[in-house]
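In: Pasting a predicted model and its sequence here:
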Amino acid sequence: MTTELQSFDAHASIREDDTALSEAARRLAAADFLISPEGAAALATLEAQDLDETHTLQILTALRRTLPPDLAGAVLTQARLRRRALAKFPAANRMFFTAESLEQASGWEPAMQRAAQIDALASAGFVLDLGCGIGGDLIALAQFRPVLAYEFDPVRARFAAANVAALGLAHRVTVRTADWTAEQRANRLPAAAAAFADPARRSNGRRIFSLHTMQPPLSELLMLAEQVAVLVVKIMPGVSYAEVPPGCCVEFVSHNSTCKEAVLWLGRTDTPARWASVHQADGWHMLAADSRTPPCGEVRAGMVLYEPDPAVIRAGALAPLCARVAGHLLDRTIAYIVAPVHRPEPLAQTFAIDEIHPFSLKTLNRRLHALGIGTVELLKRGFPQEPETLRPRLRLVQGGAAATVILTQQDGRHIMLIGRRLTRFGTLAQQDGGGQS
């Protein structure tokens with residue numbers, strides 16, 4: 001009986017391996033087709049079409065007149081990924097993506113800003129891109145230096161090579177389908193002027209929050225730091241400062257008012273331990289953290305409230321921002337800065353404070369009605385309830401004015417600030433009548 005069970009287990013294992021191999025082969029075949037002239041022609045037919053989910057059957061039916069079902073599905077998936085990728089890549093309609101790699105890829109502006117910094121820091125020579133994915137950062141790095149890229153997944157490696165070729169950079173890039181950590185352990189990783197690594201920060205669909213559980217983990221990266229003068233590692237913005245190794249500095253990057261990534265710099269001595277890099281319409285703005293504790297004080301009607309960009313908060317740069325706007329925190333535990341006068345500030349969005357009250361839904365409705373408010377933007381920090389749960393209970397005046405209600409706390413008391421939006425991170429606010437939380 002034991003022998004029969006062992007034989008059954010062995011055959012089951014072989015079948016599982018065969019299934020995995022056939023799935024990998026299908027993925028590669030689909031990738032090769034998409035990169036081919038025939039794939040390009042099929043993708044071109046979808047460029048101007050409405051790709052909404054409601055049209056899936058219609059689109060697939062048309063594609064299947066000339067393509068097998070699996071390739072038709074791959075074409076539609078790729079066309080939708082390209083449409084999504086336009087928010088990150090200006091040339092997305094010529095590039096190739098997988099869903100996971102697109103989600104993890106840096107936006108074009110952050111990638112270019114990082115590549116320019118690496119180029120300025122490193123000595124002469126090429127750059128290593130370790131775990132290049134579909135080549136988002138690879139394309140940016142190749143604008144400045146020759147690049148040798150490693151990618152373990154063969155589909156992503158094919159797409160990375162196709163993407164650099166599509167953008168005319170193939171002569172500056174070599175993509176190797178290999179595990180760079182294995183190459184390093186075998187002493188086959190070539191010496192380079194600098195290295196950029198983008199470890200996996202998801203496992204089984206779940207986000208990873210520790211430098212020690214990334215793939216590869218921090219320990220592997222620190223071994224690499226002994227071989228290159230400049231090592232740059234893309235990490236999660238929620239990194240614990242306690243996990244950052246001595247001698248490293250951390251850049252928190254904000255793009256489109258969202259802090260989606262941080263960067264660990266090893267071998268860099270020209271920056272503070274932490275700083276925020278914030279991209280706005282007029283370019284990049286930097287703010288370094290320091291050892292000061294931000295001041296704290298009262299909040300009054302007639303003051304201006306500053307909500308810092310998320311990267312500024314993550315970098316712990318509130319004290320320098322207070323100094324820039326001549327303001328102070330309204331509570332030591334809340335990242336809201338208030339000041340007596342309004343100063344244009346690209347690293348914060350600003351609001352005029354017209355009224356301040358202890359939180360009370362009855363009082364809020366009475367004041368909204370008295371002020372003739374028809375649309376409300378709801379914001380919160382340090383408030384236990386999601387603002388949108390209050391919206392159905394608000395008494396608004398049809399066709400009335402716009403207002404902003406900020407729900408927060410001061411000295412353990414829940415308060416509400418009624419006022420008006422002045423700017424959206426340095427640009428004048430456009431009153432569109434919409435509500436947000």
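Out: All right, it came through fine. Residues are numbered from 1 along each chain as shown.
In: could you point out where the stretch 201-350 of the chain is predicted with low confidence?
Out: 203-205 (pLDDT under 70).
In: Do you have the helices of it handy? List them.
Out: 218-225, 310-315, 318-325 (DSSP state H, counting those that start in this stretch).
In: residues in contact with the second one?
Out: Residues from elsewhere that reach helix 310-315, judged by C-beta atoms under 8 Å, 6 or more residues apart in numbering: 237-238, 250, 252-254, 257-259, 262, 274-278, 287-289, 318, 321, 335, 347-348. All C-beta atoms are positioned from the backbone trio N, CA, C, and that covers glycine.
In: and if you look at the last one?
Out: Counting by C-beta under 8 Å, 6+ apart, helix 318-325 makes contact with 287-290, 292-295, 304, 306, 308, 312, 328-329, 335, 337, 339, 343, 345, 347-348, all of which sit outside it.
In: Take it, keep the C-alpha atoms, and write them as CSV.
Out: C-alpha atoms of helix 318-325 as CSV (Å, rounded to 0.1, in the frame of the first residue of the first chain):
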residue,chain,number,x,y,z
LEU,A,318,6.9,68.5,9.4
ALA,A,319,9.2,70.8,11.4
PRO,A,320,10.8,72.2,8.2
LEU,A,321,7.4,72.6,6.6
CYS,A,322,6.1,74.5,9.7
ALA,A,323,9.1,76.8,9.4
ARG,A,324,8.4,77.4,5.6
VAL,A,325,4.8,78.5,6.2
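In: What pLDDT does the model give Trp436?
Out: Actually, residue 436 is Gln. It isn't Trp. Gln436 is assigned a pLDDT of 39 by the prediction.
In: Break down the stretch 101-250 of the chain into its strands, ranges please.
Out: 127-130, 147-151, 173-177, 194-197, 202-203, 206-207, 230-235, 248-255 (DSSP state E, counting those that start in this stretch).
In: hmm, back to that, buried subset of the contacts of helix 310-315?
Out: Among those, those classed as buried by neighbour count (16 or more other C-beta atoms under 10 Å) are 237, 250, 252-254, 259, 262, 274-278, 287, 289, 318, 321, 335, 347-348.
In: ranges for the helices of the stretch 1-150 of the chain?
Out: So, for the stretch 1-150 of the chain - with DSSP H, counting those that start in this stretch - the helices run 2-35, 37-44, 56-63, 69-85, 99-104, 108-121, 136-142.
In: And the fifth one, what does it pack against?
Out: When contacts are defined as 3 or more C-beta pairs under 8 Å, 6 or more residues apart in numbering; DSSP states H and E, helix 99-104 sits against helix 69-85.
In: Contacts for the helix it packs on, please.
Out: Here helix 69-85 makes contact (C-beta under 8 Å, 6+ apart) with 26, 30, 33-34, 39, 42-43, 46-47, 49, 51, 56, 59-60, 63-64, 67, 92-93, 95-99, 102.
In: picking up where we left off before, do you know which of the helices of the stretch 1-150 of the chain lies nearest Phe159?
Out: Closest to Phe159 of the helices of the stretch 1-150 of the chain is helix 2-35 (C-beta to C-beta; 6.5 Å).
In: I'd like the distance from the residue nearest the centre of the chain to Arg82, if you could.
Out: Centroid-nearest residue in the chain, with C-alpha atoms, centre = their mean: Lys260, separated by 3.0 Å. According to C-beta to C-beta, to the nearest Å, Lys260 stands 20 Å off from Arg82.
In: How about Ala91?
Out: On the measure of C-beta to C-beta, Ala91 and Arg82 end up 10 Å apart.
In: Tell me which of the two has more neighbours.
Out: Arg82 (22 against 14; other C-beta atoms under 10 Å).
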